[in-house]
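Visitor: give the three-dimensional model of this entry:
(one chain, ligands or ions: 1)
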Amino acid sequence: MNSNLHRTYKSITTCSVAALTCFALLSCATSPEGRNQLKLIPDEQMDVMGAQSFEQIKQQTPITEDKNIQQYVLCVANKIIPQVAQNPDPKQWEVVVFEDDQANAFALPGNKIGVYTGLLKYAKNQDQLAAVMGHEVAHVIAKHGNERVSNQMATEAGMSIATAVLGGTQNENSTLILAGLGLGAQYGIILPFSRSHESEADLIGLDLMAKAGFDPAQSVPLWQNMSQAGASPPEFMSTHPSSDTRIKQLKERIPNANIAYQEAVKKGQRANCKL
Ligand SMILES: [Zn+2]
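Guide: All right, here's what the predicted structure looks like:
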């Protein structure tokens, strides 16, 4: 890199540091569980991106034609969604069941939830399915998608800054340091956030399912079934926490969730979704 280019590169990097700092100051948010979040993208923009991705998935993956399965999944979703304080209208959400053997489900910004038919082999009753649906709805309302993209942007800016600090030369040392930073970025920033997202989604989801009249204790056998799912771990298994950690955290929270569940049962609101 010649010195002019180098100066230009350095000033661009300095600008991006300033911009990032401004963004970061403007973009600190708090998750429903009280965790600080970095959100660099307007939620409306994330919603548009989520909706576009969902359309693509719908074009690429067959939607199940099994009306019983569709109704069953929608029955569970339509019990859980009204418990979402921010967005309780099921009409504002889109829940689609895809014909696919993987034991998986996913959530996208813009209130989009996808469930694969393979999940029903492991989510063996309405309460276990509700644990998954609650978890996915929780990812959406906790804005985990925005946070994940924002963290990625911050990591990439961090890498540019490191290159500039090292003089922009790719000598052996800087390559080594950047490799180390890359690992640091991967294991120090991205994964722990993902783990915290998963734990947070588990706990928020547990409260949602309980309020909706699903038995929160069934979340434990669900995760046990899922941990036996084998070679292709589902989204909510793939980024850890290990199933042991996850089950331990759930067990700590179940007594609290159980209070909401018992209240729902007393009011005659125990869920009754059948396949
Ligand atoms: Zn998840």
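Visitor: touching the helix or strand hosting N258 from outside, list them.
Guide: In the assignment (DSSP states H and E), N258 maps to helix 243-266. Contacts to helix 243-266, defined as CB atoms under 8 Å, 6 or more residues apart in numbering, come from residues 198-199, 202-203, 206-207, 209-217, 219-220, 223-224, 226-227, 237, 241, 270. No exception for glycine: its C-beta is placed from N, CA and C like everyone else's.
Visitor: may I see the ChimeraX selection of the buried members of those residues?
Guide: Buried residues among the contacts of helix 243-266 (16 or more other CB atoms under 10 Å), as a ChimeraX selection:
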select :198,199,202,203,206,207,209,210,211,212,213,214,215,216,217,219,220,223,226,227,237,241,270
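Visitor: still on that earlier bit, please identify the buried residues of the helix holding N258?
Guide: So for helix 243-266, counting by 16+ other CB under 10 Å, buried means S243, R246, I247, Q249, L250, R253, I254, A257, A260, Y261, A264.
Visitor: anything in that helix near the ion?
Guide: No: using CB under 5 Å from the ion, helix 243-266 stays clear of the ion, with a minimum separation of 10.4 Å.
Visitor: kindly report the same for stretch 145-154.
Guide: No: shown here: stretch 145-154 not in contact with the ion (CB under 5 Å from the ion), separated by at least 10.8 Å.
Visitor: low-confidence regions, the protein specifically.
Guide: Scanning the chain for pLDDT under 70 picks out the ranges 1-27, 156-193, 229-242.
Visitor: those helices in the stretch 101-250 of the chain, which residues are they?
Guide: For the stretch 101-250 of the chain, the helices defined by DSSP state H, counting those that start in this stretch cover 126-141, 144-165, 172-184, 191-211, 219-227, 235-238, 243-266.
Visitor: quick one: the fourth one to helix 243-266, angle?
Guide: Interaxial angle of helix 191-211 relative to helix 243-266 (axes from the mean of the first three to the mean of the last three CA atoms, to 10 degrees): 20 degrees.
Visitor: so what secondary structure elements neighbour helix 191-211?
Guide: Taking 3 or more CB pairs under 8 Å, 6 or more residues apart in numbering; DSSP states H and E as contact, the helices and strands that helix 191-211 lies on are helix 126-141, helix 144-165, helix 219-227, helix 235-238, helix 243-266.
Visitor: starting at the chain centroid, how far to that helix?
Guide: Relative to its chain's centre, helix 191-211 lies at 8 Å (CA atoms, centre = their mean, to the nearest Å).
Visitor: repeat for stretch 47-61
Guide: Relative to its chain's centre, stretch 47-61 lies at 16 Å (CA atoms, centre = their mean).
Visitor: same question, stretch 95-105
Guide: That offset, for stretch 95-105, works out to 16 Å (CA atoms, centre = their mean).
Visitor: please apply the same query to stretch 218-231.
Guide: Distance of stretch 218-231 from the chain centroid (CA atoms, centre = their mean) equals 18 Å.
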